[in-house]
Structure formats: structure tokens, C-alpha cells
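S.K.: Fold the following for me, if possible:
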Amino acid sequence: MVQLSLKLEQDLATINPAPLRIYLTWYVVIDFFKERNTATWLLEHPGKINKAFFNAQPVSEAWIQEAMGDSKDPGFTKKNAVHYMKVRPYIFWMYPHCLSELLEGKKTVDVFTGVMNASNIFNFPHETHQLYIRKSIKYFEKNLLA
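M.R.: Just a heads-up that it's a prediction; the model follows:
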């Protein structure tokens, strides 16, 4: 997961605004572990999931700091960052459910959309949150789905 985190940091560095990178990261992480054996193993070893998310936190925190200083995205405030820091551990708890849904045969796009609709990670206005979900799906389908 550390390697995935580093790769995502590099691959998504040019995506703006910075909060969109976090949405994209969730999409990629859900898709990355969709293979049946991997998902099953992770569900049987939840500590590994938690450790992986913990190790990836510095990347998302750096992106949040960048977003707070981005004059091109004045809609992102310290309040959004604080909300994310509060909700982040709960999202980690939802990841096993995402894996379970993948094992049930749901598509990555449906699992991602479900978890993101259940948790507005930055407490954005509804329209902004939905826009980031749609942009993440479009980016993934265009650039990462191969």
C-alpha cells in the first residue's frame, strides 16, 4: 500500500483542485484491491488495511494543506479540512464494507459512488460533492482503466 500511495502521489500531482485527488485516491484504492483473493485476505486481516491507510495519511494531509492555500479554489476552507480530519477514520472503517461489496460482484464505480454519497468527506455543498464524484469517475475511466 505504501508503493500504491507513492504512485498515486506522483500520478495525481497534476490533478486540480487538490481535494479532487483525495476523491480519486478513494476510487483507485477501491479498484486496486478488487481481486477476489486480495479482497478476501484484506477482510481477514483488517489491521493491514488500517496500517495502510495510516501510512498514506501524510499524502492526503499535504494535499489538504495545498488546497487551503490555493487561491484558484476559494471554496475550500479550513472548515473543510477540519471536517475531513474528523471523518477520515470513519471512512477507513467503511473500506471493509467496500471490499465486501466488490466480492458480492458490485462494480468499482457503484461501490465508490455509494461510499462517497454516504460520506461527504469535506462537507462540501451537495453540488460540489457530486461534481467531484463525477470527475473522479470520468478521470478513472479515461486515464486509469486499462
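S.K.: Can you get me a residue count around Glu127?
M.R.: By other Cβ atoms under 10 Å, the residues close to Glu127 number 8. In this view, the C-beta of every residue, glycine as well, is placed from N, C-alpha and C.
S.K.: Next, it: secondary structure please.
M.R.: Under DSSP: H, G, I helix; E, B strand; the rest coil, Glu127 falls in the helix class.
S.K.: Starting from Asp110, give me the distance back to the residue lying closest to Thr108 once chain neighbours are set aside.
M.R.: Nearest non-adjacent residue to Thr108, counting by Cβ to Cβ, 6 or more residues apart in numbering: Asp31, 4.3 Å away. Going from Asp31 to Asp110 by Cβ to Cβ, to the nearest Å gives 12 Å.
S.K.: quick one, which of the two is more surrounded?
M.R.: Per other Cβ under 10 Å, whichever of Asp31 and Asp110 has more neighbours is Asp31, with 18 against 12.
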